[in-house]
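**Student:** sequence unknown, structure follows:
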Ligand SMILES: Nc1ncnc2c1ncn2[C@@H]1O[C@H](COP(=O)(O)OP(=O)(O)OP(=O)(O)O)[C@@H](O)[C@H]1O
Ligand SMILES: [Mg+2]
């Protein structure tokens, strides 16, 4: 039908102008989609950390600069069981292996995965680095590890390890393969998945083995605490701090998750603000493009009126053209965002953060594009529909 | 008594031009019967186009009475005016005014609400354009362009055709063939036709020639 064909073709009669309008809106849409995919991915990771089996309270050394860098005497792991409300405890030692292919380091630092929650204050190196946690294999559920593809490492054996799903993908290693950690070869006995992007990028081995390898005999960096069913995590945390003042500090998984979530909510709000900005900037571009286009087609619109087109039909045509521009921009912006986010997350973050492909991210982008198309097209469409046919026909 | 297709009684059309006023029509009186074929001649600026625009409900008179098929249009809504233009009136212009991005077929389809491809082809065939369906305006000659434009004017079976210098851009042979087409439409289909023209040869195809000057009819010649 010629009506539809006009709507589809008219925006490109002046190709440069049509493309410029599309580029303007596509950039806005790209930002909206990219931010949505990244924050969505981070959110999925934080919510997965609040699992039923995982520890509710994490204990560290008071004053430890980096979360996980402090040292606690291992005897406290059993001591804490005497505190009311504590059901189960597990000592954890956290170390970063900067290279998985030979050279390794014993410096213990950086990121934390104790309760499976990301510490956002770590340096880029440790963020992307390979972190190894030493822990009693019977207590792995406290770290959020419930399902293992393969088998657990044994406590005595010094050369067995399990690695996270992301690590397995990134290192291209699976059950039965050998991996060099801290200068020693380990056999991978299992692959686990928790949903937390930090935990899934690391590995777990026996506590005593890691203590030996990193010269941390009888020391742990953190203690994971599982509380009684009717106990309150915050109160248990306080009780621990009161019992061991100036020695132990605590955080609850819930408060870490909520801190993370509020940071993500801030990004979400920013995303909406950017969407609004995109609507305004893109809208102005569309208005400009469509006003020029209507102006140039004055005579043609006069002809359409002379052959009996109603105002509404002309209004609809211009609005349609405007929406065609913004929807094409939405497709281009979305494709660029998906490609960009996937590449950046896998190249610069080693695949530790999985982008979200939740439909609402894309639906939102297309709604924004559609709204920009309608709002941007409204004024030029109205102007076109109200043109006096005689003046339009006399227009040179 | 014959039915009147167009009736103008003391019609004025006044435009504002800077500080002053311009009377494009100043008390025009004219009645055209159903099935008539009229040529309108007159000097440039005498109000011929303005007269056609009022006749085609593209413009409203500042003052006076105007009826089309016995109906006053002044109180019609924009929508009803559009409907009248679409169903009762076919416009033909000096510069064809075809949409450059559309094919002949699509240009002729423009005035239609639905899609009646058979009807579109029928009028194009009638204009001898059966092999030009899918050509765009840039691929057609002047005479062909004007025949596509006539097909577009005819597609909704109008009762009146209003043509503003339809032969102004054509050579003598093409001009005569366009006028012949209009004459045949008038004779065979009973379509009322008004043609504005500067060209006496084109005007001679009509049954009646009216002369305009300063926004009025100053002379009528019937064959
Ligand atoms: N929109 C307008 N504003 C002001 N004056 C106008 C307007 N339209 C027409 N006129 C004036 O009205 C008068 C009649 O114009 P019109 O176009 O009807 O003449 P015409 O007989 O068709 O002339 P031509 O043979 O050159 O086409 C002219 O003086 C013209 O300048
Ligand atoms: Mg004129």
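**Tutor:** Perfect, thanks for sending it. Predicted, not measured: the structure shown is a model, and the values here were computed from it. Ligands and ions are numbered 1, 2, ... in the order given.
**Student:** count the residues that sit near residue 207.
**Tutor:** In the absence of a named chain, this looks at chain A. Applying other CB atoms under 10 Å in any protein chain shown, we find 23 residues neighbouring residue A:207. Yep, even glycine has a C-beta here, placed from its N, CA and C like the rest.
**Student:** to clarify, I was referring to chain B.
**Tutor:** Taking other CB under 10 Å as the neighbour definition, residue B:207 ends up with a count of 17.
**Student:** from what I can see it touches residue B:38, true?
**Tutor:** Yes - here residue B:207 reaches residue B:38: they are 7.3 Å apart, a contact under CB atoms under 8 Å.
**Student:** where does pLDDT dip in chain B?
**Tutor:** Confidence mapping of chain B against pLDDT under 70 gives the ranges B:1.
**Student:** how about 90 then?
**Tutor:** In the predicted model, chain B carries pLDDT under 90 at residues B:1-3, B:16-19, B:71, B:73-76, B:78, B:101, B:112-116, B:222-223.
**Student:** for chain A, what are the nearby residues on it?
**Tutor:** Proximity of chain B to chain A is confined to B:49-50, B:53, B:56, B:58-59, B:78-79, B:82-87, B:89, B:91, B:93, B:97, B:99, B:101-102, B:106-107, B:109-111, B:115, B:152, B:156 under the rule CB under 8 Å from any CB of the partner chain.
**Student:** in strands only, show me these.
**Tutor:** Mapping the residues of chain B next to chain A onto strands (DSSP state E) picks out B:89, B:91.
**Student:** now the buried members of the residues of chain B next to chain A.
**Tutor:** Neighbour counting by 16 or more other CB atoms under 10 Å in any protein chain shown classes B:49-50, B:53, B:56, B:58-59, B:82, B:84-86, B:89, B:91, B:93, B:97, B:99, B:101-102, B:106-107, B:109-111, B:152, B:156 among these as buried.
**Student:** run through those residues and flag the ones next to ligand 1.
**Tutor:** B:49, B:50 (CB under 6 Å from any ligand atom).
**Student:** show me what contacts the residue nearest to the spatial centre of chain B?
**Tutor:** A centroid search over chain B (CA atoms, centre = their mean) returns residue B:162, at 1.3 Å, as the residue closest to the centre. Going by CB atoms under 8 Å, 6 or more residues apart in numbering or on different chains, residue B:162 touches B:52, B:55, B:56, B:89, B:90, B:91, B:92, B:194.
**Student:** so is the last one in a helix, a strand, or just coil?
**Tutor:** When you say that, I think you mean residue B:194. Judged by DSSP: H, G, I helix; E, B strand; the rest coil, the three-state class of residue B:194 is strand.
**Student:** just the ones of the buried ones among the residues of chain B next to chain A in helices?
**Tutor:** Those of these mapping onto helices are B:49, B:50, B:53, B:82, B:84, B:85, B:86, B:106, B:107, B:109, B:152, per DSSP state H.
**Student:** from residue A:205, how far out is whichever residue of chain B sits closest to chain A?
**Tutor:** Per CB to the nearest CB, the residue of chain B with the smallest distance to chain A is residue B:86, at 2.5 Å. Separation of residue B:86 from residue A:205 (CB to CB, to the nearest Å): 82 Å.
**Student:** once you drop chain neighbours, what's closest to the residue in the stretch 201-350 of chain A positioned nearest to ligand 1?
**Tutor:** Scanning the stretch 201-350 of chain A for proximity to ligand 1 using CB to the nearest ligand atom identifies residue A:302 as nearest, at 12.0 Å. Here the nearest residue to residue A:302 in space, its sequence neighbours aside, is residue A:392; by CB to CB, 6 or more residues apart in numbering or on different chains that works out to 2.7 Å.
**Student:** what about that neighbour, how many residues close to it?
**Tutor:** Counted with other CB under 10 Å, the burial measure for residue A:392 works out to 20 neighbours.
**Student:** isn't it right up against residue A:297?
**Tutor:** No - with contact defined as CB under 8 Å, residue A:392 and residue A:297 do not form a contacting pair (9.1 Å).
**Student:** which neighbours do those two have in common?
**Tutor:** By the contact definition CB under 8 Å, 6+ apart, residue A:392 and residue A:297 are jointly contacted by no residue.
**Student:** for chain A, just list every one of the helices.
**Tutor:** A:2-9, A:15-48, A:76-79, A:124-128, A:165-171, A:207-213, A:233-243, A:253-296, A:298-306, A:311-348, A:359-386, A:389-394.
**Student:** got the buried residues for the last one?
**Tutor:** When neighbours are counted by 16+ other CB under 10 Å, the buried residues of helix A:389-394 are found to be A:389, A:390, A:392, A:393.
**Student:** and that helix, what other elements does it pack with?
**Tutor:** Contact here means 3 or more CB pairs under 8 Å, 6 or more residues apart in numbering or on different chains; DSSP states H and E; on that basis helix A:389-394 packs against helix A:298-306, helix B:48-55.
**Student:** dump those helices to JSON lines, plus distance to residue A:329.
**Tutor:** Output for the helices and strands packed on helix A:389-394, formatted as JSON lines (distance: least, CB to CB, whole Å):
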{"stretch": "helix A:298-306", "distance to residue A:329": "25"}
{"stretch": "helix B:48-55", "distance to residue A:329": "40"}
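**Student:** deepest of those, which one?
**Tutor:** Of all the helices and strands packed on helix A:389-394, helix B:48-55 has the most neighbours on average by mean count of other CB atoms under 10 Å in any protein chain shown, namely a mean of 25.
**Student:** relative to the whole chain's centre, how far out is it?
**Tutor:** The gap between where helix B:48-55 is centred and where its chain is centred comes out at 9 Å by CA atoms, centre = their mean, to the nearest Å.
**Student:** in its sheet, which strands sit next to the helix or strand following it, and in what direction?
**Tutor:** Read in the C-terminal direction, the helix or strand following helix B:48-55 is strand B:63-68, with elements assigned using DSSP states H and E. Sheet pairing of strand B:63-68 (DSSP bridges) gives strand B:4-17 (antiparallel), strand B:71-72 (antiparallel).
**Student:** what comes up buried for strand B:63-68?
**Tutor:** Buried residues in strand B:63-68, counting neighbours by 16+ other CB under 10 Å, are found at B:64, B:66, B:67, B:68.
**Student:** in TSV: those, plus distance to ligand 1.
**Tutor:** Listed next are these as TSV, based on distance: CB to the nearest ligand atom, whole Å:
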residue	distance to ligand 1
B:64	16
B:66	15
B:67	20
B:68	18
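**Student:** how about the residues of chain B near ligand 1?
**Tutor:** Counting by CB under 6 Å from any ligand atom, the positions of chain B adjacent to ligand 1 are B:15, B:17, B:22, B:24, B:42, B:44, B:45, B:46, B:47, B:48, B:49, B:50.
**Student:** right, and residue B:12 touches residue B:26 too?
**Tutor:** Yes - under the criterion of CB under 8 Å, residue B:12 lies in contact with residue B:26, with a separation of 5.9 Å.
**Student:** quick one: common contacting residues for these two?
**Tutor:** Both residue B:12 and residue B:26 are in contact with residue B:215, where contact means CB under 8 Å, 6+ apart.
**Student:** what is the longest helix of chain B by residue count?
**Tutor:** In chain B, assigned by DSSP H, the helix with the most residues is helix B:172-189.
**Student:** now it and strand B:192-196, what's the angle there?
**Tutor:** Following axes from the mean of the first three to the mean of the last three CA atoms, to 10 degrees, one obtains 160 degrees for the angle between helix B:172-189 and strand B:192-196.
**Student:** for helix B:172-189, buried residues please.
**Tutor:** B:174, B:175, B:176, B:178, B:179, B:181, B:182, B:183, B:185, B:186.
**Student:** then stretch A:260-279?
**Tutor:** By 16+ other CB under 10 Å, the buried positions in stretch A:260-279 come out as A:260, A:264, A:268, A:271, A:275, A:278, A:279.
**Student:** for the closest residue in space to the last one that isn't next to it in sequence, report the pLDDT, please.
**Tutor:** Leaving out its chain neighbours, the residue that sits closest to residue A:279 by CB to CB, 6+ apart is residue A:372, at 5.3 Å. Model confidence at residue A:372, expressed as pLDDT, equals 92.
**Student:** same thing with residue A:180?
**Tutor:** Model confidence at residue A:180, given as pLDDT, is 86.
**Student:** hang on, it packs against residue A:186?
**Tutor:** Yes - in this structure, residue A:180 sits in contact with residue A:186. The criterion is CB under 8 Å, and the distance is 7.4 Å.
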